[in-house]
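Asker: predicted structure and sequence below. I'll ask about it afterward.
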Amino acid sequence: MTLSPPQPPPSSSPRHAAIQELRRGTQLAELLRQQVELIPEPNRRHAAVVNVGQISMAMESSLSILQSEMEHPFVSEVMAAPTAYSDGGTSRRRNGPVTCTRKVRHRRGRAGAELPIKEILTEAPENDRFHWRKYGEKNILYAEYPRLYYKCAYSDDHKCPAKKYVQQQSNSYPPLFLVTLINEHTCDTLFRDNEPSSSSSGSQVLDFTKASLSPPLMAAASELKKDEEDGISVSMHRYSYSYDEY
DNA sequence: GAAATTTGACCAAG
DNA sequence: CTTGGTCAAATTTC
């Protein structure tokens, strides 16, 4: 397979240029897939193929979005939003990270029971204003990074059923995390307004600068080429910025 | 000393 | 049996 040479977009709008770049990216991903299939160890090969496939899918869906907008310019504006992500359901913001909802069958409990879940791809999995407590961590088959399990810190006090799973998807910078939210926060609607929100820190939620960072994530964070505290506090500022913007 | 995290054991489903 | 999700004692952090 040969790559088309990087052509200057002809008589182009920025959108045309973006489409051209996405097409190039798709070709590169295909090239990468062919290389990745030469990895000898089956597990690593499969994981890599899956990741490359996701990259291809992401670019193809971006392509189709852009192309459909060319045909129907007023349908569904796609916004490049900061990395705040929508909460457990009290707001309906859809811009920014990729979100989708579906029902999932739980492995425990009544057979066939389904739970409301929402999946979000974000680079700031800790910043959603809720207070989470980590209760587990698991290596997932064919996944490069472990999945971290959190439940609402008020799950005991107020029987709040909200949970979330966080799994790093890539070691790029910024690293992307797949966040799976399960159940709505009941503590949120009941107690949010009573929180004494101090102006600066407010309610601190997951702190990924501490030991809860899994080693690969730490590696990604330290790629900032600064000493750890500075590098991370910079990104934390960015997160709290999007938090305020909420 | 309280609160949060880590981590291996345990459990249910397939 | 394997796998993903949860529990809970031990450990760490504040």
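Answerer: Cool, the structure landed. Numbers count the residues shown, from 1 in each chain, chains lettered A, B, ... in the order given.
Asker: surely A:Ala29 forms part of a strand?
Answerer: No - counting by DSSP: H, G, I helix; E, B strand; the rest coil, A:Ala29 is not found in a strand; it is helix.
Asker: tell me which element the residue nearest to it when sequence neighbours are not counted is part of?
Answerer: Leaving aside its chain neighbours, A:Ala29 sits nearest to A:Ser56 (4.6 Å; criterion: Cβ to Cβ, 6 or more residues apart in numbering). Glycine gets a C-beta too; all of them are placed from N, C-alpha and C. Remark: A:Ser56 resides in helix A:42-71, with elements defined by DSSP states H and E.
Asker: residue in chain A nearest to DNA strand C?
Answerer: Proximity of chain A to DNA strand C (Cβ to the nearest atom of the strand) peaks at A:Gly136, 2.8 Å away.
Asker: need the pLDDT of the residue nearest to A:Ala29.
Answerer: As predicted, A:Ser56 sits at a pLDDT of 71.
Asker: worst-scoring helix or strand of chain A, pLDDT-wise?
Answerer: When each helix and strand of chain A is scored by mean pLDDT, DSSP states H and E, helix A:228-245 comes last, with a mean of 38.
Asker: domain boundaries for chain A, per the record?
Answerer: As recorded under automatic domain parsing, the domains making up chain A are A:14-71, A:98-197+A:204-245.
Asker: and those, which one is worst for confidence?
Answerer: The minimum mean pLDDT among the domains of chain A belongs to domain A:98-197+A:204-245 (a mean of 65).
Asker: indicate whether stretch A:131-151 makes contact with DNA strand B.
Answerer: Yes - counting by Cβ under 7 Å from any atom of the strand, DNA strand B has neighbours in stretch A:131-151: A:131-138.
Asker: most neighbours out of these, which is it?
Answerer: A:Trp132 (23 neighbours; other Cβ atoms under 10 Å).
Asker: OK, contacts around the residue nearest to that one when sequence neighbours are not counted?
Answerer: With sequence-adjacent residues excluded and distances taken as Cβ to Cβ, 6+ apart, A:Trp132 is closest to A:Tyr150, at 3.9 Å. Neighbouring residues of A:Tyr150 by Cβ atoms under 8 Å, 6 or more residues apart in numbering: A:132-135, A:163-166, A:206.
Asker: going by distance to A:Leu22, which of those wins?
Answerer: Set against A:Leu22, the nearest of those by Cβ to Cβ is A:Val166 (27.9 Å).
Asker: now the residue nearest to A:Trp132: which helix or strand?
Answerer: Per DSSP H and E, A:Tyr150 falls inside strand A:147-152.
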